[in-house]
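In: Pasting a predicted model and its sequence here:
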Amino acid sequence: MSDSPNLDPFALARTWMAQWEKLVNEHGTEMLAKPEAAQAMQAMSGAAIQAQAASNEATGRMLAAANLPSRADFEALGTRLANVEASLSRIEALLRAQSPEAAPSRPAVRRTRKPPE
Amino acid sequence: MVSAALESAQTVVERTIQRNLKGLGYLASPAPVLGTSTKDVIVSRGPMRLYHYHPLVDEVYRVPVLLVMATTNRGYIFDMVPGQSMVEFLLLRGYDVFMLDWEAPRPEDRGLAMKDYVEDFLGGAIAEVQRTTGEPDVSLVGYCMGGVLSTLWSGLNHAKGPKNLAVFTTPADFRQMTLFRAWSDPRYFDVDRLVDTLGMAPADMLLTAFDMLRPAGRASANFALLDNLWNDDFVKAHRMFDRWSNDMLPLAGEYFRETVKQLTWENRLLEGTMKIGGRPVELDRISCPFLHVTAEHDHIVTTEASAPLIGLIGSTDKEQVVLKGGHVSLIAGPNAVKRMWPKLDSWLGAKSV
């Protein structure tokens, strides 16, 4: 006598999915490792990068014509802000070093723990 | 037999009802909140974030632990939810835990190079941990590319070195990462044009590359979710890992350019020709205790790519362990709770006094 019948509607799909996954992963990665696949992928991403570069350039020109700051201007501003942040961090660190009691106080832990025997 | 059939039919009907009810709930519910262990952000500079977790015990080991996250992903994989958080596990085991985590680099960060990540961010984090704890010794624990950064820093600073160096799934032979290597074949992949045009390696490009390592992975995971919608634990775990794996970070352009050219194309880590800021990285002069934990079924950093690392390290006290699991399940989830975390604790505890 066989066991009780399997009434789970997902049982068949589960088996099919496992086989499909194995097949696609095996053959897919095999195919994707071929130089032709790399060439095709990079050709597509190259075209996307090219389009992005052209769009950046055109947008930059438009913004310049409208006397508006470009992305590069904002990036330069960001760099200057980052430098200010870095200077502030250095000043904060120096101040902290000079007045250790000003550091946020949390209950001190003992650093004497030993591993269990 | 009839009663067994009835029982089976009942289970199927119950699960079908639960799938439908919980499926609606799944679609309507917000993303899970992760990374909630209490912490202070003690450094926030550029893409670098340094956290200090609040100790959960009164007596900790003398040597603090600095977790170094991979630069492509968020560090909350180490701190998912209570009970499934490596950070919480380490805190309860008596470690003083810090984490070097990353935010997406901003456009002005495009010029950040490998030297900045190794010497400034990681070196700076180590100095801050030393300052905060008052301890000269620090143990480094790096994951994937965080393991590479930790190894590079240790190879540059072998004289003062970390107290202990533990890395997980860290590649050493980039030739063996065959798909990444094929896709970045210099005959077809113009990394200079990508970086010079975009300034970054976009996160969606990196996510697609990781997805293509297992082309059926995403469809299969979605099917498994549908199949298991009745199971709250499965759904919870799926949501956590799904959120994390999609939460990918772009990479600063110069850092990506150097990673592709020096590591993937020229395989400098394995060849022993890696230099950072003009200084040679001397892995053979690292002398601190070293542990490399790799995953048996890692499809991202394969065993062939990670296994040679231990041979490059000069330490006499060194160990490589291959544990069951994949690239992510090695460090988070039930597999990690059972295997990797206790292994790390048993290795690190005695070396942290």
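Out: Here it is on my side, so go on. Numbering: from 1, shown residues only, chains lettered A, B, ... in the order given.

In: my guess is residue A:86 contacts residue B:45, does it?
Out: Yes: with contact defined as CB atoms under 8 Å, residue A:86 reaches residue B:45; the gap is 6.5 Å. C-beta coordinates here come from the backbone N, C-alpha and C atoms, glycine included.

In: which one of these two has more residues nearby?
Out: residue B:45 (16 against 12; other CB atoms under 10 Å in any protein chain shown).

In: Okay, and the closest residue to residue B:214 other than its chain neighbours sits in which element?
Out: Spatial nearest neighbour of residue B:214, excluding adjacent residues (CB to CB, 6 or more residues apart in numbering or on different chains): residue A:25 at 5.3 Å. Of the helices and strands defined by DSSP states H and E, residue A:25 is found in helix A:10-32.

In: Let me see the contact set for the residue nearest to residue B:214.
Out: Residues in contact with residue A:25 (CB atoms under 8 Å, 6 or more residues apart in numbering or on different chains) are B:214-217.

In: related to what we said a few turns ago, quick one: mean pLDDT for the next helix or strand after the helix holding residue A:25?
Out: Where DSSP H and E defines the elements, the next helix or strand beyond helix A:10-32 is helix A:35-65. Mean pLDDT, helix A:35-65: 86.

In: List the buried residues in helix A:35-65.
Out: For helix A:35-65, a neighbour-count test (16 or more other CB atoms under 10 Å in any protein chain shown) marks A:37-38, A:41-42, A:45-46, A:49 as buried.

In: out of the residues you listed, who's near chain B?
Out: A:37-38, A:41-42, A:45-46, A:49 (CB under 8 Å from any CB of the partner chain).

In: Which of the residues you listed sits closest to chain B?
Out: residue A:42 (3.9 Å; CB to the nearest CB).

In: Measure how buried residue B:176 is and give me the count.
Out: 19.

In: Could you check how far it is from chain A?
Out: Separation of residue B:176 from chain A (CB to the nearest CB, to the nearest Å) stands at 13 Å.

In: what do you get for residue B:111?
Out: For residue B:111, the distance to chain A - CB to the nearest CB - is 9 Å.

In: What sits closest to that residue if chain neighbours are left out?
Out: residue B:254 (5.3 Å).

In: what helices or strands is the host helix or strand of that neighbour leaning on?
Out: Taking DSSP H and E as the criterion, residue B:254 maps to helix B:253-258. With contacts taken as 3 or more CB pairs under 8 Å, 6 or more residues apart in numbering or on different chains; DSSP states H and E, helix B:253-258 sits against helix B:114-115, helix B:191-198, strand B:200-201.

In: any idea which of the ones you listed is most buried?
Out: Of the helices and strands packed on helix B:253-258, the one with the most neighbours on average (mean count of other CB atoms under 10 Å in any protein chain shown) is strand B:200-201, at a mean of 24.

In: What strands line up against that one, and which way round?
Out: Using DSSP bridges, the strands paired with strand B:200-201 are strand B:251-252 (antiparallel).

In: re earlier: go through the contacts of residue A:25 and name the one nearest residue A:59.
Out: residue B:215 (35.3 Å; CB to CB).

In: Against chain A, how distant is the closest one?
Out: In terms of CB to the nearest CB, residue B:215 sits 4 Å off from chain A.

In: contacting residues for that residue?
Out: Each residue near residue B:215 by CB under 8 Å, 6+ apart is listed here: A:24-25, A:28-29, A:32.

In: Nearest residue to the middle of chain B?
Out: The residue lying closest to the centre of chain B (CA atoms, centre = their mean) is residue B:143, at 3.7 Å.

In: Quick check: phi and psi on that one?
Out: Torsion angles at residue B:143 (phi, psi; degrees, to the nearest 10) stand at phi -110, psi 120.
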